[in-house]
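Student: Give me coordinates for this.
(2 chains)
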Number of protein chains: 2
Amino acid sequence: MFSVNVSDTPPEQRILGLDPGLGTMGFGCILAGSAGLKPVDYGVISTPSQHSMPERLQTLHEDLSQLLRQLRPHQVGLEKLFFYKMGNTIAIAQARGVILLTLAQHHLLPVEFTPAQVKQSLTGYGRADKQAVQAAVARELNLPSLPRPDDAADALAIAITVWHHRFS
Amino acid sequence: MFSVNVSDTPPEQRILGLDPGLGTMGFGCILAGSAGLKPVDYGVISTPSQHSMPERLQTLHEDLSQLLRQLRPHQVGLEKLFFYKMGNTIAIAQARGVILLTLAQHHLLPVEFTPAQVKQSLTGYGRADKQAVQAAVARELNLPSLPRPDDAADALAIAITVWHHRFS
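Tutor: Numbers count the residues shown, from 1 in each chain, chains lettered A, B, ... in the order given. I've put the predicted structure just below:
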């Protein structure tokens, strides 16, 4: 005898959104299921600017590894990297390399979204401002106020975008 | 009673040069001491382009970790990263983040040099061509022919540059 899951209800899953950065990386984890979306945990991983680049990358690796062990996400969403401030791009890309490595070491392959895709997904408008996106995050997660800090709110928005795109 | 090392002779040391890359990273390890410079090992770490970025970063991390355990370098030299081909810079910077992390996990803080500094150090001319630099590498290490492949030769040149700058 064997059983088959014929339920139309998808299983609950934890989705982690990450807003990559070297000085401050936002993270936001949500629980998604038939009852809608709930916040699990959100905040930032910071590395001190007075430390050397290798030390900061090591802190990022250790703190993200610990976060993944705690949260045990089923899926991870990551903001896609574009060139913007030239001086900063190498630092962010180096941090991003460490983030991708850490996820791979936990058998997680992230889904990537552009900022415009996240805005579109949350507000229906790809050029929405930060305030509108944060208000949408608070609404979807039934938060009493806008999530803080900004990097954590961005990360929650990415996690929600992963959920919105689950059938695409 | 205690003893003090009053020898003018610096202790022998292994110096590892790395020419960072995602598809191909050159490495070159030399033994430096009073008897001059000797090659220890050189070659490349490659990651298959058909693999995903996270998989390639994981391969790079594992292979470099193994190399560091084998070679046990006292010092590491690394080529400084500049923007050049826009499309490639993010990939190289992500690989570089993983390289810096791996070195930090082995308690190694690399010395960094620009390509011009390496050329200057090897040939006395900061805009020397590849052939002239490789000939200088072969001469300094008493190699019977030019070291191959190019990425390994570049890495050996970086290791020799670390040695040349040891009192600076």
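Student: quick one, strands of chain A?
Tutor: Secondary structure of chain A (DSSP state E): strands located at A:13-19, A:24-33, A:36-46, A:75-79, A:111-113.
Student: okay if I get these as TSV plus mean pLDDT and distance to residue B:126?
Tutor: C-beta: built from backbone N, CA, C; applies to glycine. Converted to TSV, the strands of chain A look like this (pLDDT from 0 to 100; distance: least, CB to CB, whole Å):
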stretch	mean pLDDT	distance to residue B:126
strand A:13-19	96	40
strand A:24-33	96	38
strand A:36-46	96	39
strand A:75-79	95	39
strand A:111-113	95	40
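Student: from the ones you listed, which stretch is densest packed?
Tutor: Compared across the strands of chain A, strand A:13-19 shows the largest average neighbour count, a mean of 25 (mean count of other CB atoms under 10 Å in any protein chain shown).
Student: ok, back up a step: Throw the strands of chain A into a markdown table and include distance to chain B, thanks.
Tutor: Putting the strands of chain A into a markdown table (distance: least, CB to the nearest CB, whole Å) gives the following:
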| stretch | distance to chain B |
| --- | --- |
| strand A:13-19 | 13 |
| strand A:24-33 | 13 |
| strand A:36-46 | 14 |
| strand A:75-79 | 10 |
| strand A:111-113 | 10 |
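Student: Of these, which is nearest residue A:138?
Tutor: The closest of the strands of chain A to residue A:138 is strand A:36-46. By CB to CB, the value is 9.8 Å.
Student: strand partners of that closest one, parallel vs antiparallel please.
Tutor: Using DSSP bridges, the strands paired with strand A:36-46 are strand A:24-33 (antiparallel).
Student: by how many degrees do the strand it pairs with and strand A:13-19 diverge?
Tutor: 160 degrees (axes from the mean of the first three to the mean of the last three CA atoms, to 10 degrees).
Student: Quick check: which of the strands of chain A is nearest to residue B:158?
Tutor: So among the strands of chain A, strand A:24-33 is nearest, using CB to CB, at 30.7 Å.
Student: ok, back up a step: for the strands of chain A, which one sits closest to residue B:123?
Tutor: Distance to residue B:123, taken as CB to CB, is lowest for strand A:24-33 among the strands of chain A, at 42.6 Å.
Student: Nearest residue to residue A:55 in space, please, no chain neighbours.
Tutor: In space, and not counting its chain neighbours, residue A:55 is closest to residue B:104: 6.4 Å by CB to CB, 6 or more residues apart in numbering or on different chains.
Student: related to what we said a few turns ago, kindly reformat the strands of chain A as a markdown table and extend each row with distance to residue B:108.
Tutor: Listed next are the strands of chain A as a markdown table, based on distance: least, CB to CB, whole Å:
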| stretch | distance to residue B:108 |
| --- | --- |
| strand A:13-19 | 28 |
| strand A:24-33 | 24 |
| strand A:36-46 | 24 |
| strand A:75-79 | 28 |
| strand A:111-113 | 31 |
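Student: Let's test this: mean pLDDT of stretch A:118-126, rounded?
Tutor: For stretch A:118-126, the mean per-residue pLDDT is 96.
Student: Likewise for stretch A:161-168?
Tutor: Rounded mean pLDDT across stretch A:161-168 is 88.
Student: Enumerate the positions of that stretch that are buried.
Tutor: Going by neighbour count (16 or more other CB atoms under 10 Å in any protein chain shown), the buried part of stretch A:161-168 is A:161, A:162, A:163, A:164.
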